[in-house]
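Chemist: I'd like to go over a predicted model; first the sequence, then the structure.
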Amino acid sequence: MAESRHNPTKLDGQIERVVFRNEENGFCVLRVKVRGHKELVTVTGTVPTINSGEWMAADGEWFTDPRHGPQFKAAQMRMSKPDTLEGIEKYLGSGLIKGIGKEYAARLVKTFGRDVFDVIENSSGKLLKVEGIGQLRKDRIKLAWDEQKSVRQIMAFLFSHGVSTTRAFRIHKKYGDKAIEIVQRDPYCLSRDIRGIGFLIADQIAMRLGIAKDSDLRARAGLEFVLGELTSSGHCAYIRNDLLSRTAELLKIDLVIIERALDHSLENERLIQRANSKGEDLIYLPKLYSAEIDLAKRLQLLGNGRHPCPSIDFEKALVWVQKKSGIELAAAQRTALKTAVESKVMIITGGPGVGKTTLVNSVLMVLKAKKLRVALCAPTGRAAKRMAETTGMEAKTIHRLLQYNPGTGNFVHDAENPLECDVLIVDESSMIDIVLASQLAAAVPLHAALIVVGDSDQLPSVGPGCVLRDIIQSKKIPVAHLNEVFRQAATSRIITNAHRINQGQMPEFPETQETSDCYFVESDDPAKAVDLLGKLISQSIPKKFRFNPLEEIQILTPMQKGELGARNLNQTLQQLLNPRGDEVERFGYVYRTGDKVMQTENDYDKEVYNGDIGRIAKIDSEATELIVDFDGRKVVYDFRELDELILSYAITIHKSQGSEYPCVIIPLHTQHYVLLQRSLIYTALTRAKKLVILLGTKKALNLAVTRAESRERTTTLSERLKEYL
């Protein structure tokens with residue numbers, strides 16, 4: 001055998017166990033039963049799919065690992081279904097097919113022997129003969145078999161083109177059995193439609209399929225990709241010449257080809273070009289162009305006519321409200337209350353501690369006294385929950401209020417089927433992007449009033465647009481600016497520092513030994529800051545302030561990457577706060593029972609939305625499912641869908657919008673330089689209810705406070721409002 005370790009050779013056998021598999025690149029370590037070998041043989045190599053029980057034929061060579069002894073390093077591996085009864089049982093019981101665990105695998109093999117694969121594929125009705133398999137389980141087994149067969153074909157296709165196979169499930173979910181045919185026709189559809197597959201991966205497949213570097217198909221796909229990336233950064237449109245030059249730089253092809261591609265996309269209305277008020281040609285994705293126009297027109301329609309509140313004696317109502325609530329409203333609040341019961345559409349804006357909640361509750365008292373139907377909503381589950389707590393009324397997320405219809409792919413409530421309410425009050429409106437704002441406004445009945453509440457100094461929405469700021473800037477809709485910080489709120493350093501930051505002033509922190517609700521902890525070295533943060537969250541804060549590390553403390557960081565970025569902090573804190581339990585590794589993350597996780601995209605089928613935070617309640621390896629508890633609601637994820645979830649011990653400040661936490665820790669370091677700006681630090685600070693600790697360098701803090709807005713967004717909603725109102 002010593003000689004064979006130096007020469008290419010062949011090896012075949014049955015896979016007993018998959019010791020390790022990297023989902024991203026297909027590398028695996030296998031234990032294989034090989035004829036002529038007493039012990040199991042360790043085989044390493046890369047393959048698109050692998051399961052226990054399969055028969056493997058490999059070309060490669062033997063070598064001796066210093067720690068693990070003789071191994072076979074496969075240059076190529078070919079898999080086939082097992083033909084021994086033992087192998088078939090192992091294969092079926094490996095978790096490959098939902099509905100068949102080890103127990104049912106044994107029953108199936110006992111009943112059908114070597115014919116079991118043919119039975120499942122071509123005569124699934126016979127499965128009903130097996131004890132414990134009824135119609136429902138039979139249908140599930142057949143569906144899972146067909147799905148895994150198709151997914152494995154897609155995986156093999158991707159693998160042959162040098163691409164990670166982890167997204168095969170999503171590709172199958174999107175395109176079904178025609179997946180390979182669709183991808184071969186236009187590989188760039190992957191970057192448009194499949195989460196986790198960017199343009200560069202789609203481009204790699206296109207090159208291997210023989211699509212020319214300077215082809216029109218590639219140029220058109222590149223344009224849409226670049227514009228899509230810009231809208232992900234918040235833009236609703238982009239200047240034509242800048243878009244052309246960015247695309248040419250990415251694709252490394254002649255500008256003439258890009259211009260031709262743009263003209264073709266404009267002719268086919270895949271993109272839209274319009275000049276703005278400065279005379280610049282802007283390029284829009286059609287969805288965003290329509291959203292701006294539709295929102296402006298709808299606000300104009302809603303603003304017409306009489307307020308649904310019957311005419312009232314305002315002074316009398318004011319006295320009644322103040323007496324009933326026991327609160328004397330400030331001058332700005334009184335003016336705002338008057339506007340709220342007279343205007344069909346209005347904005348209430350202001351920072352923390354200025355009385356927005358008191359004002360909203362005063363408005364609700366008047367509206368309820370007049371027997372009006374009032375609906376309350378906010379962009380996130382946490383914001384809606386907080387709104388319900390402060391008003392004593394039911395509040396829903398915007399998505400749940402509008403009710404998604406999976407059949408049509410649209411919301412149930414729209415202009416044709418409006419909401420049943422006389423007044424709609426929307427909180428945390430700075431978070432709402434242009435598309436959702438347009439969909440929400442469309443669903444407000446024309447007779448109803450719309451009250452939009454938010455803090456325009458917070459970060460704008462994660463999605464495209466700057467809706468709240470643009471509406472205020474247009475000066476076409478009544479705006480109540482609340483800016484007086486009330487005496488009780490002024491005792492909180494969180495609130496006074498938030499206002500200082502908003503005015504471009506450095507926050508103030510307590511002297512040594514002085515108690516406060518806002519502290520700064522100096523730490524120049526990022527690595528030491530990570531250690532210090534761990535001690536704060538696991539020891540110091542729980543001991544001194546009695547906060548539960550998992551339930552009540554939230555880390556808010558400017559970015560994902562870097563030592564003090566969310567990704568690294570999550571791995572550190574997972575080991576510190578939740579080191580043991582059932583776990584599964586997918587997409588570069590370890591998911592463990594008890595982990596805090598966040599949903600990263602809207603999943604209408606599951607009714608969970610971008611930014612929702614929950615805890616992993618259960619991991620079922622046999623069913624390849626994970627269950628997350630979102631505030632008492634259990635949601636099931638297939639292991640192949642776990643790219644929708646990220647650990648959330650630490651989250652980015654952007655993702656924290658609309659939420660509040662008892663205690664917030666904010667790491668700030670000059671390695672966050674690119675993202676440091678005033679609205680970012682202001683938003684982070686205002687997420688805390690009782691305690692804030694900033695951790696890092698004063699230089700980074702000063703940088704954030706002095707940079708008012710590093711990146712303006714290209715939007716034209718303000719222009720549209722001036723045009724239509």
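Modeler: The structure has been received and is ready for your questions.
Chemist: find the nearest non-adjacent residue to residue 480, please.
Modeler: In space, and not counting its chain neighbours, residue 480 is closest to residue 336: 3.3 Å by CB to CB, 6 or more residues apart in numbering. To be clear about C-beta, it is placed using only N, CA and C from the backbone, and glycine gets the same treatment.
Chemist: mind giving me the packing neighbours of the strand or helix carrying the one you found?
Modeler: Taking DSSP states H and E as the definition, one finds residue 336 inside helix 331-340. Counting contacts by 3 or more CB pairs under 8 Å, 6 or more residues apart in numbering; DSSP states H and E, helix 331-340 packs against helix 314-325, strand 345-350, helix 356-369, strand 479-482.
Chemist: and the angle for the third one with strand 345-350?
Modeler: Here helix 356-369 runs at 150 degrees with respect to strand 345-350, directions being taken by axes from the mean of the first three to the mean of the last three CA atoms, to 10 degrees.
Chemist: so how many other residues sit close to the residue nearest to residue 480?
Modeler: Residues lying near residue 336 (other CB atoms under 10 Å) number 28.
Chemist: identify the residues contacting it.
Modeler: Residues near residue 336 by CB atoms under 8 Å, 6 or more residues apart in numbering: 348, 359, 480, 482.
Chemist: do you know how far the residue nearest the centre of the chain is from residue 545?
Modeler: Closest to where the C-alpha atoms of the chain average out (CA atoms, centre = their mean) is residue 600, at 1.7 Å. According to CB to CB, to the nearest Å, residue 600 stands 30 Å off from residue 545.
Chemist: how about residue 96?
Modeler: For residue 96, the distance to residue 545 - CB to CB - is 49 Å.
Chemist: what's around the residue nearest to residue 674 when sequence neighbours are not counted, how many residues?
Modeler: Residue nearest to residue 674 in three dimensions, not counting chain neighbours: residue 559, with 7.6 Å by CB to CB, 6+ apart. By the criterion of other CB under 10 Å, residue 559 has 20 neighbours.
Chemist: tell me the SS of residue 559?
Modeler: Secondary structure for residue 559, judged by DSSP: H, G, I helix; E, B strand; the rest coil, is coil.
Chemist: next up, the contacts around it.
Modeler: Contact partners of residue 559, counting by CB under 8 Å, 6+ apart, are 565-566, 652, 672, 674-675.
Chemist: from these, which ones fall inside strands?
Modeler: Taking DSSP state E, the ones among the contacts of residue 559 that sit in strands are residue 652.
Chemist: the contacts of residue 559: which two are farthest apart?
Modeler: 566 and 674 (14.9 Å; CB to CB).
Chemist: okay, the two: which has more neighbours?
Modeler: Set side by side, residue 566 and residue 674 show more neighbours around residue 566, with 26 against 10, by other CB under 10 Å.
Chemist: relative to residue 437, how far out is residue 382?
Modeler: In terms of CB to CB, residue 382 sits 19 Å off from residue 437.
Chemist: can you report how many residues lie near residue 110?
Modeler: Residues near residue 110, counting by other CB under 10 Å: 13.
Chemist: report pLDDT for it.
Modeler: Note for residue 110: predicted pLDDT of 90.
Chemist: how about residue 241?
Modeler: So, for residue 241, pLDDT stands at 96.
Chemist: skipping adjacent residues, who's closest to it in space?
Modeler: residue 281 (7.8 Å).
Chemist: show me the beta-bridge partners of that neighbour.
Modeler: Using DSSP bridges, the bridge partners assigned to residue 281 are residue 275.
Chemist: how close does it sit to residue 191?
Modeler: Using CB to CB, residue 281 is found at 25 Å from residue 191.
Chemist: residue boundaries of the helices in the stretch 501-650 of the chain?
Modeler: Under the criterion DSSP state H, counting those that start in this stretch, the stretch 501-650 of the chain carries helices at the ranges 526-535, 541-545, 566-577.
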